[in-house]
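Visitor: my questions are about this predicted structure, shown below with the sequence.
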Amino acid sequence: MTFAEFLHQVGGMGRFQIIHTTLLTIPIVLMASHNLLQNFTAAIPGHHCQIRIDGNNTRYSNATLHLDSQDLLRVSIPMDRNQQPEKCHRFVSTQWQLLDPNATQPNGTQLATEPCREGWTYDRSIFTSTIITEWDLVCNLRRLRQMAQSIYMAGVLVGALVLSGLSDRTGRKAMLIWSFLQLAVMGTCTAFSPNYISYCIFRFLGGMALSGFGLSIACLIVEWIPTQFRTITVAISGFVYTLGQLLLAGLAYGIPDWRWLQLTVSLPFFLFLFYSWWLAESARWLVLAGKPDVAVNVLQRVARVNGKQEEGEKITTEILKSNMQKELSTVKSSYTVSDLVRTPAIRHIFCCLSVVWFSASFSYYGLAMDLQNFGVSIYVIQLIFGAVDFPAKVVVTISMSYIGRRVTLSACLILAGSVIIANIFVPRELQMVRTSLAVIGKGCLSAAFNCVFLFTTELYPTPIRQTGLGFGSTMARVGGIVAPLAKMLDEYVSFLPPVVYGPAPILSGIAASFLPETLNQPLPDTVEEVESRSHKKRAEASQEKIPLQTPEQVMLKET
C-alpha cells in the first residue's frame, strides 16, 4: 500500500480534511494584508512645505487676515509644470506681488526658492496618519518608502531560506505554531514603532514569520488531501488570499491611521496560535522522519474524526513500515538545499521553478505596490485588483484540472508579460485603458501564483518538498525585493519599469514549458521516485520516435 491508499482507508476527503483545511486557510486571509499593507500604511498624501509668511512688506502686512488658503499657497509655494504646488521647495521670501492680478507674474522657477526646512503640511483628508507623514519620508527621503517594502520582502526571503529547512527537520506543525507566535508579536510591535529603523526591524521579523506559516500551511494542506481533490483545495486557498485583498481595502478605508491598521491585521494571529494546537502533523512527514508510531496515532485520530474508527484501528506500526518499506529504505537521515541540485531530474525542476517564482513575484509586486499611480481612488483600485483574481483563478483552476499544470502556467505568464509590454504603448491620457491592461496582467500573475504553488508541491518529493517550496518562495521574495527598487527607475525614464516588468514573465513562461506534467499523478515520496519517473518518460519519448522513410525505402521493403 502507498500512503495515498492509507489516506483513503482513513476516510479520504472526510470531515477531518474539511475542518483541517478550513482552519489552515483562515490565516491566509491576512497574508494578503501583510504583503500589501504598505500601499496604505505608507501611502503618500498630497504635501507641500510649511508656509512661512514674511510680514516685512508694509503694503501687505495685514494681508494674511483676508487671504484664503489658496492665496497663501500662491505667495509661498512655487508651482510645478502641472500647476500644482511644489512638494519639496518654497519661496525664500513671500511673493506678495503674485496677488496683484495686474502685475506681471514671473515664472516661478526664476524666483529664489529653498528646501522645506521647517517640515511639510500634509493633506489628511484620506489618510489621517501614515509612516510618510509621521517620519516625513518625502523629497530627499522618499526612497526610504520603497526601501521599507524591500526590507520586509528581505525578511520573507530569509524566512523562506531558514524556516523551510527547519520545517523539514522539526515538522510542519511546530514551524506553523512558532510562525504564528512570531508574526503576532512582531506585527504588534510594528504598530508601536517609535521610529523608522525599529519599524523596518519589526517588519523584517514579521516577514520571516509570514513566510514560515505560508510554507507550512501549503504543505499541511497538500499532504493531507487525496490526489483528486488537490487542485480544487489549493484553488480555494487562492480564493481566500484574494478575499484578503478585498478585506484589506475595506479595513484601510475604515481605519485611516496606520498604527491601528497594522494592529488590526496582527492581533488575530494570537487566535490562530490558540487553535493551531489542534491541527495534525503531516503523517507523510512523520513516516519519512522515522516516527511511524506517531504517524499511526495521527492516522487513527483522523479515522475517528472521519467516522472510520474500525479502519483506523487496522493500521499498526508494523503494517505501516512494511507497506512503506520502499520509501523508507531510500530516505536519507537528513536533507539539505544541496539535494535540490544533486540529481538530474530534481535539478531540472529546481532551475525552471526558480525562474518562474522570481519572475512572477517581480512583476506581480511591480503592479500591486503601485496603486497610487493609476489615477483613481486607491481603495477602488485595490478592490478591482482583488476582484479580478476571482475569475482569473476560476479559469486557471478549470484549466489545471483538464488541460494540465504546465500549459496553464506557461500561458498565464506569457499573457501577463505581453499585457504589461502592451501598456507601454498606450498614451497616459487613456487612463482607463492603461488601468484595464494592468488589471488583466495582475489577474494573470495571480493565477500563475495559484498554479505554481500547487505545481511546486507536486513536483518535489516529501523529504524535500518544504525545502523546495521554501527555495521557490525565496526566489519569489528576491523578486519582491527587486520590484520596488526597479520602480525607482521611473524617476529617470517613466517607461523603464514596465520595460523590465514585462519580459520577465514571458521568459519564465518559456521556462515553465520544460517542466514535467503532474496532472492526476500521486505525490512523490522519495527523490528516487522523481528520478525514475523522469527516466521512464524519456524512455517512452525515445520509443515514440519513428525515423522518417523515403517512398523508395518503403517500396524496397514491400518487394
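Guide: The structure has been received and is ready for your questions. It should be emphasised that the depicted structure is a prediction, and the values quoted were computed from it without experimental measurement.
Visitor: what stretches of the chain score poorly on pLDDT?
Guide: Counting by pLDDT under 70, the chain shows low-confidence ranges at 1-3, 53-71, 82, 94-110, 323-337, 369, 371-375, 490-494, 538-559.
Visitor: any idea how far P498 is from the closest residue to S508 other than its chain neighbours?
Guide: Once flanking residues are discounted, S508 sits nearest to S359: 3.5 Å by C-beta to C-beta, 6 or more residues apart in numbering. To be clear about C-beta, it is placed using only N, CA and C from the backbone, and glycine gets the same treatment. Here S359 is placed at a distance of 14 Å from P498 (C-beta to C-beta, to the nearest Å).
Visitor: element containing S399, please.
Guide: In the assignment (DSSP states H and E), S399 maps to helix 389-402.
Visitor: spatially nearest residue to V10, not counting backbone neighbours?
Guide: A303 (4.0 Å).
Visitor: and if you look at L523?
Guide: Closest to L523 by C-beta to C-beta, 6+ apart is E458, at 6.4 Å.
Visitor: hmm, R230 and the one you found touching each other?
Guide: Yes. E458 is within contact range of R230, at 7.5 Å (criterion: C-beta atoms under 8 Å).
Visitor: can you list residues touching both of these two?
Guide: V222 (C-beta atoms under 8 Å, 6 or more residues apart in numbering).
Visitor: may I see the buried residues of the helix holding S399?
Guide: D389, F390, A392, K393, V396, T397, S399, M400, S401 (16 or more other C-beta atoms under 10 Å).
Visitor: pull the most distant pair out of those.
Guide: Within those, two members stand farthest from each other by C-beta to C-beta: D389 and S401, at 17.9 Å.
Visitor: is it possible to export the buried residues of helix 389-402 to a markdown table including distance to L7?
Guide: Below are the buried residues of helix 389-402 laid out as a markdown table (distance: C-beta to C-beta, whole Å):
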| residue | distance to L7 |
| --- | --- |
| D389 | 30 |
| F390 | 30 |
| A392 | 31 |
| K393 | 26 |
| V396 | 26 |
| T397 | 22 |
| S399 | 26 |
| M400 | 21 |
| S401 | 20 |
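Visitor: the residue nearest to V10 against G11, yeah?
Guide: Yes. The pair A303 and G11 qualifies as a contact (C-beta under 8 Å) at a distance of 6.2 Å.
Visitor: in the chain, which spans are strands?
Guide: Counting by DSSP state E, the chain has strands at residues 47-49, 89-91, 113-115, 120-122.
Visitor: what about the third one, distance to the chain center?
Guide: In terms of C-alpha atoms, centre = their mean, to the nearest Å, the gap separating the centre of strand 113-115 from the centre of its chain is 41 Å.
Visitor: cool, the last one as well?
Guide: Using C-alpha atoms, centre = their mean, the distance from the centre of strand 120-122 to the centre of the chain it belongs to is 33 Å.
Visitor: would you list the strands that that strand pairs with, along with their directions?
Guide: strand 47-49 (antiparallel) (DSSP bridges).
Visitor: what lies in contact with the strand it pairs with?
Guide: 73, 76-77, 85-90, 115-116, 118-123, 133, 138.
Visitor: repeat that for 10 Å
Guide: 73, 76-78, 84-91, 113-123, 132-133, 136, 138-139 (C-beta atoms under 10 Å, 6 or more residues apart in numbering).
Visitor: list the buried ones in that strand?
Guide: H47, H48, C49.
Visitor: export stretch 220-240 to CSV, keeping only CA atoms.
Guide: Provided in CSV are the C-alpha atoms of stretch 220-240 (Å, rounded to 0.1, in the frame of the first residue of the first chain):
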residue,chain,number,x,y,z
LEU,A,220,0.0,20.6,5.6
ILE,A,221,-2.9,21.2,3.2
VAL,A,222,-1.4,19.3,0.2
GLU,A,223,-0.1,16.3,2.3
TRP,A,224,-3.5,15.6,3.9
ILE,A,225,-5.6,15.9,0.7
PRO,A,226,-6.2,13.0,-1.7
THR,A,227,-4.9,13.5,-5.2
GLN,A,228,-8.2,14.1,-6.9
PHE,A,229,-9.2,16.9,-4.6
ARG,A,230,-5.8,18.6,-4.5
THR,A,231,-6.4,21.1,-7.3
ILE,A,232,-9.7,22.4,-6.0
THR,A,233,-8.3,22.7,-2.4
VAL,A,234,-5.3,24.7,-3.5
ALA,A,235,-7.6,26.8,-5.6
ILE,A,236,-9.8,27.6,-2.6
SER,A,237,-6.7,28.7,-0.7
GLY,A,238,-6.0,31.1,-3.6
PHE,A,239,-9.5,32.4,-3.4
VAL,A,240,-9.1,33.0,0.3
